[in-house]
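S.K.: Just need the structure, nothing else, for what follows:
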Amino acid sequence: VDFSSNNLSGPLPSLVFNTSLKIFKSYNNNNISGPFPEFPALNTNFEIFDARNNNLSGFLPPLSSTPNLIQLIGARNPGSLTGPLPQFSDAPKLEKFEFTGHQFTGTIPDLSNNTELRHFNVNSNALSGEFPQTLNCPHLINLRFNDNASKLGSPGISGNVPTISACTSLRILDVANNILTGFAG
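M.R.: Predicted coordinates for the structure are as follows:
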């Protein structure tokens, strides 16, 4: 399903019962609003959900029903996506997670089982707590969790700078405007 580059508005249709859906895109020149949709139940085909540049709100669904998810993107979405981030251990094939400029709270989930992760961008949210210290992401290119301090009163991400020595493909590391300590290693 690709709704890109239209002038659509209103809520997304329910995806819960579509067990064969593989790709869903609804970005560029759309104004999709309403709650973030629940993912199809037990859909092992579902790989890509890209709803950037829309106006979605609410919580992200759990990733446990979509074990083969590769991309989950909702960047540049001025809606009010909120709540905690989903557990990434439920999506071991995830390569790209990008949700910038929202109101997510809580901690960054454990990423140690996401060895295929290439892009992780959660800047400009209200995340706090310690960043996971174990990064086993040899394919990680882009890691950004900057600008989480002060948003919605969040102190930002704390603890030691994560150890990135196993991230041999890393090209971008942006952790500005948090409260990290220690040395980059």
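S.K.: Show me what counts as buried in stretch 97-113.
M.R.: By 16 or more other Cβ atoms under 10 Å, the buried positions in stretch 97-113 come out as 97-105, 108-109, 111, 113. Yep, even glycine has a C-beta here, placed from its N, CA and C like the rest.
S.K.: For N123, state which of those residues is nearest.
M.R.: Checking those against N123 by Cβ to Cβ gives T100 as the nearest, at 5.1 Å.
S.K.: And the closest one, what's its pLDDT?
M.R.: Looking at T100, its pLDDT stands at 91.
S.K.: quick one: which helix or strand includes it?
M.R.: If you go by DSSP states H and E, T100 is not part of any helix or strand.
S.K.: ok, it to S124 distance?
M.R.: Using Cβ to Cβ, to the nearest Å, we find T100 at a distance of 5 Å from S124.
S.K.: one step back: strands - which of the buried residues of stretch 97-113 land there?
M.R.: Cross-referencing the buried residues of stretch 97-113 against strands under DSSP state E gives 97-98, 103-104.
S.K.: Now render those residues as CSV, adding distance to L180.
M.R.: Converted to CSV, those look like this (distance: Cβ to Cβ, whole Å):
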residue, distance to L180
F97, 20
E98, 21
Q103, 22
F104, 18
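S.K.: Those: which two are farthest apart?
M.R.: Across these, the longest distance by Cβ to Cβ is 16.6 Å; it joins F97 and Q103.
S.K.: contacts for the strand or helix carrying S57?
M.R.: Assigned by DSSP H and E, S57 belongs to strand 55-57. Outside strand 55-57, the residues that touch it by Cβ atoms under 8 Å, 6 or more residues apart in numbering are 12, 31-36, 74, 77-82.
S.K.: go again using 6 Å as the cut-off
M.R.: Strand 55-57 has contacts (Cβ atoms under 6 Å, 6 or more residues apart in numbering) with 31, 33, 35-36, 77-80.
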